[in-house]
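> Sharing a model that was predicted from the sequence below.
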Amino acid sequence: MINEVPPSVDTLWDKTEDQFMKTFKYYKSNKPPPLLAEVINIEDINNTDKILLLTQKNAVQEDERAKQLGLRELKSWQLYSFKEHPGLFLIRNPFTSNGQRYWIQKCLQVYPRKPNKRNIDMETNVEDWWEACHRHGRCDKQLMKKLRWTTLGYHHNWDTKVYSDDNKSVFPEELSALCDVVARYLGYEEFRAEAAIVNYYHMNSTLSAHTDHSEVNLEAPLFSFSFGQSAIFLIGGRDKTTVPSAILLNSGDVMVMSKEARLCYHAVPKILPYAPTPWNDEAFDDQLDIMYMKDTRRSPPFKLNEWSIFENYIKESRINMNVRQVLYETQCNLKD
Ligand SMILES: O=C(O)CCC(=O)C(=O)O
Ligand SMILES: [Fe+2]
């Protein structure tokens, strides 16, 4: 009788190895730069059999808020799913040019204001970061580069990873409406935007492997909006032994992590320049009749002639708005 060969130490090691980290390092590298042939790019879908176009134009119900939020008609949206990642969806840039400008402006001029929390709070107590960056007609590049995140609604606690009813501010109405439109499009009628992290990336920034599990309700989807330069987004499995897929996220793209994908490891190992400038394509003054843009309560009126200062930022940066529901629909706060 032939003895079965016991699994070698090598094979055991392979199974438990941090495959995620290996892939992360590969894409993060500058010398040599990574090859992009394996990266899933929805702008080049003929090149991949890993995604499916799901859009059913006839079945889509329009939402009258879409235009006000800088979104195109819902029937023109392209929705993709990923064969290897159940629950992961990507809507290819559903924003108009003015829509992109509007959200970029909100993320720079409005969301990083107190009482929202920011990484820079450790070293400065400026009320209004964007204003401080542009005081006296100058541009403080050093302060500008320092902002890496700001949190909205229930503030993410980076140390304890636990949300608290005592640590939240009002969630921006327009961002909640944006998520509501996207959530309904996907059949999530009950979704409530309650917490967001706005991430600011420069060309050399990365975001390491993590899962987002602080929310009480992990059954609700997570909505991720990307603007500016592109990112290689990695998504793997529930632990780091799965080799992750690499997906290119471009300006305007909306990624939705639901069900299984909501629990999976993900990361951003690389920011890549994005040659098109969709925020310029058809941005005209006469399209600025967007209701939320006229909302002057929390943000100054949107002025097109100011766009150049936002453009200077976004042509060398990426912004990601990462929005979550924290509670179950039956809860009003964490203590319920
Ligand atoms: O920047 C991204 O695309 C992902 C951000 C993210 O995963 C997070 O904020 O938890
Ligand atoms: Fe995340």
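Sure, I can see it. Numbers count the residues shown, from 1 in each chain. Ligands and ions are numbered 1, 2, ... in the order given.

> residues from the stretch 101-250 of the chain in reach of ligand 1?
Proximity of the stretch 101-250 of the chain to ligand 1, by CB under 6 Å from any ligand atom, involves residues 197, 199, 207, 212, 224, 226, 231, 233, 249. To be clear about C-beta, it is placed using only N, CA and C from the backbone, and glycine gets the same treatment.

> Surely the fifth one is in a helix?
What it means is residue 224. No. Counting by DSSP: H, G, I helix; E, B strand; the rest coil, residue 224 is not found in a helix; it is strand.

> Checking the nearest residue to it once chain neighbours are set aside next. Helix, strand or coil?
Counting by CB to CB, 6 or more residues apart in numbering, residue 224 lies nearest to residue 255, which is 4.3 Å off, once chain neighbours are set aside. The three-state label given to residue 255 by three-state DSSP is strand.

> just residue 271 next, same as before
What three-state DSSP gives for residue 271 is strand.

> Quick check: which ranges of the stretch 1-150 of the chain have low pLDDT?
Along the stretch 1-150 of the chain, the model assigns pLDDT under 70 to residues 1-15, 57.

> Show me what residue of it gets nearest to ligand 1.
residue 149 (7.7 Å; CB to the nearest ligand atom).

> List the beta-bridge partners for that residue.
residue 199 (DSSP bridges).

> Name the surrounding residues that touch the host helix or strand of residue 247.
According to DSSP states H and E, residue 247 maps onto strand 245-249. Residues from elsewhere that reach strand 245-249 (CB atoms under 8 Å, 6 or more residues apart in numbering): 23, 27, 36, 38-43, 50, 82, 84-85, 90, 226, 230-236, 255, 272.

> Which helix in the protein has the most residues?
helix 173-185 (DSSP state H).

> Which other helices and strands does it contact?
If contacts are counted by 3 or more CB pairs under 8 Å, 6 or more residues apart in numbering; DSSP states H and E, helix 173-185 sits against strand 222-228, strand 317-324.

> Give the pairing partners of the last one; include direction for each.
Think strand 317-324. By DSSP bridges, strand 317-324 pairs with strand 195-202 (antiparallel), strand 222-228 (antiparallel).

> thinking again about what came up before, could you list which of the contacts of strand 245-249 belong to strands?
Mapping the contacts of strand 245-249 onto strands (DSSP state E) picks out 82, 85, 90, 226, 230-235, 255, 272.

> what's the most distant pair in those residues?
Largest separation among the ones in strands among the contacts of strand 245-249 by CB to CB: 85 and 272, giving 20.9 Å.

> Pull out the buried members of the contacts of strand 245-249.
23, 27, 39-42, 82, 85, 90, 226, 230-236, 255, 272 (16 or more other CB atoms under 10 Å).

> where's stretch 185-197 relative to the chain centroid, distance-wise?
The gap between where stretch 185-197 is centred and where its chain is centred comes out at 14 Å by CA atoms, centre = their mean, to the nearest Å.

> same deal with stretch 315-332?
Distance of stretch 315-332 from the chain centroid (CA atoms, centre = their mean) equals 8 Å.

> hmm, it in reach of ligand 1?
Yes. Against ligand 1, stretch 315-332 shows contacts by CB under 6 Å from any ligand atom at 320, 322.

> Could you work out the end-to-end span of that stretch for me?
End-to-end distance of stretch 315-332: 40 Å, with CA to CA, to the nearest Å as the criterion.
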